[in-house]
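Chemist: Output the structure for:
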Amino acid sequence: MLTLQCHPVSYFWQRVRPTADGHCMDLDRIISIAYVYSVTATCCDFTLGLLPVFLVWNLQMNARTKVALASILGMGCVASAAVIIRIPYLHDYKDKDFLCEYYLKCSRTIYSRNHEYKKKKRGKVKERKTNANMHFS
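Modeler: Below is the predicted model:
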């Protein structure tokens with residue numbers, strides 16, 4: 001349903017252009033659907049992520065293997081954590097230019113983290129060279 005919310009589908013990406021022609025569903029309805037989907041997906045992911053723990057616990061194997069197996073099978077809970085993290089941002093969907101806004105925020109974050117990493121890396125490389133020079137002198 002959310003894929004086909006705009007007619008034509010390409011209007012979803014082009015709606016910020018003044019010459020774009022098309023229409024979309026009411027945003028409040030779409031956001032309500034997204035909230036219902038998020039709650040349903042979270043419940044299903046938690047249930048399917050935790051269910052293996054109860055199934056594995058009755059198997060005949062040592063406790064360490066049971067814990068490892070239940071942990072691996074319980075990784076589905078990671079998906080529900082991602083959905084829970086997304087829920088507070090659903091209201092931003094009302095912004096017509098939300099894709100560009102989040103792209104810019106992500107780009108800045110990635111750039112600043114990469115820049116900090118490079119600074120730290122350069123500092124460590126310089127320290128290694130000076131320490132190595134001091135050691136051999």
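Chemist: CA atoms for contacts and neighbours, from now on please.
Modeler: OK.
Chemist: Tell me how many other residues surround Asp28.
Modeler: 12 (other CA atoms under 10 Å).
Chemist: Next secondary structure after the helix or strand hosting it?
Modeler: Asp28 is part of helix 27-57 when elements are defined by DSSP states H and E. Using DSSP H and E, the helix or strand that follows helix 27-57 towards the C-terminus is helix 63-73.
Chemist: What would the helix or strand following that following helix look like as PDB? C-alpha coordinates only.
Modeler: Scanning the chain past helix 63-73 towards its C-terminal end, the next helix or strand to appear is helix 76-86 (assignment: DSSP H and E). The C-alpha atoms that make up helix 76-86 are tabulated as PDB, following Å, rounded to 0.1, in the frame of the first residue of the first chain:
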ATOM      1  CA  GLY A  76      15.600 -11.300  15.100                       C
ATOM      2  CA  CYS A  77      15.200  -9.000  18.100                       C
ATOM      3  CA  VAL A  78      17.800  -6.700  16.400                       C
ATOM      4  CA  ALA A  79      15.200  -6.100  13.600                       C
ATOM      5  CA  SER A  80      12.600  -5.000  16.200                       C
ATOM      6  CA  ALA A  81      15.100  -2.600  17.800                       C
ATOM      7  CA  ALA A  82      15.600  -1.000  14.400                       C
ATOM      8  CA  VAL A  83      11.800  -0.500  14.000                       C
ATOM      9  CA  ILE A  84      11.600   0.900  17.600                       C
ATOM     10  CA  ILE A  85      14.400   3.400  16.700                       C
ATOM     11  CA  ARG A  86      12.500   4.500  13.600                       C
END
